[in-house]
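Enquirer: generate a structure from the sequence data that follows.
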Amino acid sequence: MSDQNPTPASRRGTPRFPDGPKPDPAGSHHERRIRSFQPRRSRVTTSQGEALERLWPKWGLDIDGLHRIDLRELFEGLPVTLEIGFGMGEATAQMAAADPETGILAVDVHTPGQGNLLGLAEKNGLTNVRVANGDAIILLREMLHPASLDGLRVYFPDPWPKKRHNKRRLIQPEFLTLAATRLKPGAIVHCATDWEEYAEQMLEVLTAHPDFENTQSADGTGGYAPRPAFRPLTRFEGQGLDKGHVVHDLLFRRTNS
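Expert: All right, here's what the predicted structure looks like:
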């Protein structure tokens, strides 16, 4: 007997965006680890979906961990800054528009945000943005060449506030050691958070790491930095400030050692 009520393609496991970001691009190619991100499920709007279908083959890439990326080729010779976690992409698009001579490799796992950033890039004629889908650790470890990055941005990462979850935080000594191998000497690591205890941890681990020095003092023992003009004040950040949150910026330089 034929199936009178076939299961919709989406329920049979067919991806909604066949040529777009994959749900788990690295699959079983690499060992599982404690992840610093929590995938969020939310509805993809029509415009976001259209942007994914149209622009992902041109400006998107899946972090599968199976090949090395030539950033100079990908960004046509521009210096490249890696941004880990970009939300809906408004701030990323603003920074890309303000500095067209810098390429931004923006990594996230939030499909609506990926579509939104691609749409903003197209709308504003931004050719210096590429969107990567998946685990930034695998990207750094398996897919980027040593000393290929000119900067690293981590804005408002998940604070994992419960003490038993602190180990999931991205900014840890092991992460910095990996990142240092992919950053050129002099490259800037820029972190920002409105979670006070996480800011203190970031400052502690960055200050203690031998491959980084604080830009706020000549001897590397300075504290937080003023928010630089190039980092836009996001809607999320504005809501936090309205609630009395204090935002801390940290700017550290990759040393020559």
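Enquirer: alpha carbons only for contacts and neighbour counts from here, please
Expert: Noted.
Enquirer: where exactly do the helices run in this structure?
Expert: 46-59, 71-74, 90-98, 111-123, 136-138, 173-182, 196-208, 235-242 (DSSP state H).
Enquirer: can you list contacts of the fourth one?
Expert: Residues external to helix 111-123 that are found in contact with it (CA atoms under 8 Å, 6 or more residues apart in numbering): 21, 42-45, 47-52, 55-56, 59, 86-90, 92-93, 108, 127, 129, 131, 133.
Enquirer: quick one: residues contacting residue 52.
Expert: 17, 20-21, 114-115, 118.
Enquirer: likewise residue 149?
Expert: So residue 149 contacts 79-82, 182-184, 187 (CA under 8 Å, 6+ apart).
Enquirer: about what we covered before: most neighbours per residue, which of the helices of the chain?
Expert: helix 111-123 (a mean of 23; mean count of other CA atoms under 10 Å).
Enquirer: let me see the mean pLDDT of that one.
Expert: Helix 111-123 shows an average pLDDT of 97 in the prediction.
Enquirer: report the angle between it and helix 90-98.
Expert: Put simply, helix 111-123 runs at 20 degrees to helix 90-98, going by axes from the mean of the first three to the mean of the last three CA atoms, to 10 degrees.
Enquirer: give me the angle between helix 111-123 and helix 46-59.
Expert: Computed by the same axes, to 10 degrees, the angle between helix 111-123 and helix 46-59 is 70 degrees.
Enquirer: looks like residue 133 contacts residue 21 (just checking).
Expert: Yes. Judged on CA atoms under 8 Å, residue 133 makes contact with residue 21 at a distance of 6.2 Å.
Enquirer: sort out for me which of the contacts of residue 149 are in strands.
Expert: Members of the contacts of residue 149 lying in strands (criterion: DSSP state E): 80-82, 183-184, 187.
Enquirer: can you tell me which two in those residues are farthest apart?
Expert: Using CA to CA, the pair of those lying farthest apart is 82 and 184, separated by 12.2 Å.
Enquirer: these two: who's more crowded?
Expert: residue 82 (22 against 19; other CA atoms under 10 Å).
Enquirer: quick check: the more buried one vs residue 228, distance?
Expert: Residue 82 is 17 Å from residue 228, where distance means CA to CA, to the nearest Å.
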